[in-house]
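S.K.: Pasting the sequence and the predicted model now:
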Amino acid sequence: MNIFYMACTGLQKKMPFDIIDKEELSNLITKSEEMMNTFQLNCFLAVAHTLNFARAAKQMNISQPAITNQIKMLEKELNAKLFNRSTRRVELTPEGEVFLGDAKNIVALSERAKLRFSNPDRRPIETLGIGCSSFMQIIMLTDILTKLAVDRPNLHPRLYVVPHEQLFQLLDAGTADVLFDIQGSEENKERVTFRELYKSPLVCVCSMRHILAQRESIAIQELAEENLIFCDPVYLAPDLTKLQWQLAEGRNPADIHFCGTIEAAIVLASAGFGIAILPELVVPQEAQVVSIPIEGAPKLAFGMFYKPYPGDGVLKQFIQITRRSFELQQSNIENGLE
């Protein structure tokens, strides 16, 4: 369909008075084949997920030379190399890593559009894109989404968990309508609205068997002799990242364990590898760890980010339900009910 659409677009200026010749028609068709399309994106995603051109070709039900050609045309269109290829391995280039999120979003948007117009009874679908930087933040939304779905039976939430550094790209691109994260000093307060929901203390997360596990609080200076567990900075708010690097100054690298995610840091802390410094709100209650407040540490503002003027639709109702839910939780905590 893409070929004929592009060819006809080029023909509109010629018809009905001019007759296009075969060479010009051939050029139009060739040009349309080289333009980015969802088939190329699906080929790219298949190779990115398998890191193997043969397996990706089988997944796409085409030959290996065909999928190689699709990737080459996509790289030509983007003017960027997406994969490093050798006889033994395939890996994404830095440009490919960046493009991976874009490709997923474009394909998902295309599939949603097709699904919307194939809906046999034409029920209106209400979408709500929600972005978070950790899975614990997603879990917090379960009861809120349950309440929202009662009033909006055709609600289709889209949940995204991405590193902190990529969160606002979701909002800018319109992929997400609302974000949940800790407020940092780097956020542009003019382009987004921040609604605080909770002040989260910083805590030391350690195993129940740790020598400090029975303490009611810990001074930051007491961590100088302890093994520490750090998270990848892309998953943390900048203020917490700065604290990690301050604690790392002058330390033996053997005393510090690095993790890719917050969840991985909690697992290592539970296993006794050291102490992780995290906001209390990201530590699940059922985890086999102890959370000990840090003396004198500032509390971090956790809340929602969204574009100004959310309207009167599903986003506004979601914001209202979320605020009431957190206010009730805080009231129950203060009254000793939780």
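M.R.: Structure received.
S.K.: all contacts plus neighbour counts: C-alpha atoms, from now on.
M.R.: Noted.
S.K.: Quick check: pLDDT value at residue 220.
M.R.: According to the prediction, residue 220 has pLDDT 88.
S.K.: Okay, and the beta partners of the spatially closest residue to it that is not a sequence neighbour?
M.R.: Spatial nearest neighbour of residue 220, chain neighbours left out: residue 294 (6.5 Å); criterion: C-alpha to C-alpha, 6 or more residues apart in numbering. Beta bridges link residue 294 to residue 218 when assigned by DSSP bridges.
S.K.: ok, residue 294 - how many residues close by?
M.R.: 19 (other C-alpha atoms under 10 Å).
S.K.: Settle this for me: it is touching residue 221, isn't it.
M.R.: No - with contact defined as C-alpha atoms under 8 Å, residue 294 and residue 221 do not form a contacting pair (10.0 Å).
S.K.: just to revisit the earlier point, check contacts around the residue nearest to residue 220.
M.R.: 201-204, 217-220 (C-alpha atoms under 8 Å, 6 or more residues apart in numbering).
S.K.: Ok, residue 200 next?
M.R.: Residue 200 neighbours (C-alpha under 8 Å, 6+ apart): 279-281, 299-302.
S.K.: go on, residue 97?
M.R.: By C-alpha under 8 Å, 6+ apart, the neighbours of residue 97 are residue 82.
S.K.: Pop out the phi and psi values for it.
M.R.: phi -60, psi -40 (degrees, to the nearest 10).
S.K.: Over to residue 297?
M.R.: Here is the backbone geometry of residue 297 (degrees, to the nearest 10): phi -80, psi 140.
S.K.: where along the stretch 51-200 of the chain do the helices fall?
M.R.: 53-60, 64-78, 94-117, 135-139, 142-151, 164-173 (DSSP state H, counting those that start in this stretch).
S.K.: Let me have those in CSV, extended by mean pLDDT and distance to residue 242.
M.R.: As requested, those are exported to CSV (pLDDT from 0 to 100; distance: least, C-alpha to C-alpha, whole Å):
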stretch, mean pLDDT, distance to residue 242
helix 53-60, 91, 41
helix 64-78, 92, 35
helix 94-117, 82, 25
helix 135-139, 85, 22
helix 142-151, 94, 32
helix 164-173, 84, 14
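S.K.: With distance to residue 271 as extra columns, can I get those in a markdown table?
M.R.: Formatted as a markdown table, the helices of the stretch 51-200 of the chain follow (distance: least, C-alpha to C-alpha, whole Å):
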| stretch | distance to residue 271 |
| --- | --- |
| helix 53-60 | 37 |
| helix 64-78 | 43 |
| helix 94-117 | 32 |
| helix 135-139 | 19 |
| helix 142-151 | 28 |
| helix 164-173 | 26 |
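S.K.: Tell me which of the ones you listed sits nearest to residue 46.
M.R.: helix 53-60 (5.0 Å; C-alpha to C-alpha).
S.K.: Can you give me the buried ones in that closest one?
M.R.: For helix 53-60, burial by neighbour count (16 or more other C-alpha atoms under 10 Å) applies to 53-54, 56-57, 60.
S.K.: centre of the chain versus it, how much separation?
M.R.: Here helix 53-60 is found 26 Å from its chain centre; the criterion is C-alpha atoms, centre = their mean, to the nearest Å.
S.K.: Same question for stretch 236-253.
M.R.: Using C-alpha atoms, centre = their mean, the offset of stretch 236-253 from its chain centre is 23 Å.
S.K.: List phi and psi for residue 141.
M.R.: phi -90, psi 0.
S.K.: Roughly how far does it sit from residue 194?
M.R.: 17 Å (C-alpha to C-alpha, to the nearest Å).
S.K.: These two - which one has more neighbours?
M.R.: The residue with more neighbours, out of residue 141 and residue 194, is residue 194; 22 against 14, by other C-alpha under 10 Å.
S.K.: hey, what's the closest residue to that one other than its chain neighbours bridged with?
M.R.: Excluding the flanking residues, the one nearest residue 194 by C-alpha to C-alpha, 6+ apart is residue 305, at 4.6 Å. On the basis of DSSP bridges, residue 305 is bridged to residue 179, residue 194.
S.K.: Residue 305: what's it in contact with?
M.R.: So residue 305 contacts 178-181, 192-195 (C-alpha under 8 Å, 6+ apart).
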